[in-house]
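Undergrad: from the sequence below, what's the structure:
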Amino acid sequence: MNAPLDEHVLRATGLECVRGERRLFSDISFTLAGGTLLQVQGPNGSGKTSLLRMACRLLTPAAGEISWDGRPIRELAENYHAVLAYIGHLNATKDELDAAENLALTAQLAGLPGNAEAIAGALQGFGLADCQGLPCKLLSQGQRRRAALARLKLSGGRPLWILDEPFAALDAAGIGHACALIEAHLATGGIVMLTTHQEIDVAAPSTQRLELRS
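TA: The predicted structure is shown next:
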């Protein structure tokens, strides 16, 4: 698990997702080596979030398998969670805590480096330095999204980033900073898998696109 970032490989083979009596997708396969960005696109209801949750080991595929460095992620259990950073389409921030308190709590739960200096730097990069002491329930949707994405600044050591609509509700400055973090991670051999409804230009050593259809 502690190999250099660019030596890791995420591979999916023949994935199928079924919800109720409806098959959202089937026969989805991809191989992502270090430095690869996978952009998953498709209309609402096509299974984009479900695919990301499978890649996070939060949802079991109806068929197929996902492996990390040649081992099925279902066998890796918590060891797999230690190599990934996941930000869902919900921000997962506690309303009564401010951005710094939320980030410190998330870092503690995820085992990320989260000293006061690192947290302050992560929030400053997203323009949240002036929000100290302000409960997240009083922040705008864009500010809450930036508070969630600040976790990425602490996640550079996690080789796999899985991001569900990371640019939602962000202004141009927020999108620019998020893209810079993603590009830096890819440049050092990290792997990024994300969904987006927007056309975002992210520089990557290698880019793949996967279109899901409803």
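
Undergrad: now do residue 5 against residue 99, distance only.
TA: According to CB to CB, to the nearest Å, residue 5 and residue 99 sit 28 Å apart. To be clear about C-beta, it is placed using only N, CA and C from the backbone, and glycine gets the same treatment.

Undergrad: to clarify, my last question referred to residue 213.
TA: Residue 213 is 38 Å from residue 99, by CB to CB.

Undergrad: likewise for residue 29?
TA: In this view, residue 29 and residue 99 are 39 Å apart by CB to CB.

Undergrad: the more surrounded of the two?
TA: The neighbour count for residue 29 versus residue 99, taken as other CB atoms under 10 Å, is higher for residue 99 (27 against 12).

Undergrad: what strand or helix carries the spatially closest residue to that one that is not a sequence neighbour?
TA: Distances taken as CB to CB, 6 or more residues apart in numbering place residue 147 nearest to residue 99, at 4.2 Å, with adjacent residues excluded. Per DSSP states H and E: residue 147 is located in helix 141-149.

Undergrad: downstream of the lengthiest helix in the chain, the next helix or strand is which one?
TA: In the chain, with assignment by DSSP state H, the single longest helix is helix 172-187. Moving toward the C-terminus from helix 172-187, the next helix or strand (DSSP H and E) is strand 191-195.

Undergrad: for the next helix or strand after that following strand, packing partners?
TA: Going down the chain from strand 191-195, the next helix or strand is strand 206-211, by DSSP H and E. Strand 206-211 is packed against strand 22-33, strand 36-41, with contacts defined by 3 or more CB pairs under 8 Å, 6 or more residues apart in numbering; DSSP states H and E.

Undergrad: of all these, which one is nearest residue 197?
TA: strand 36-41 (7.7 Å; CB to CB).

Undergrad: tilt between that closest one and strand 191-195?
TA: Angle, strand 36-41 to strand 191-195, by axes from the mean of the first three to the mean of the last three CA atoms, to 10 degrees: 10 degrees.

Undergrad: where's residue 13 relative to residue 208, distance?
TA: Taken as CB to CB, the span from residue 13 to residue 208 is 15 Å.
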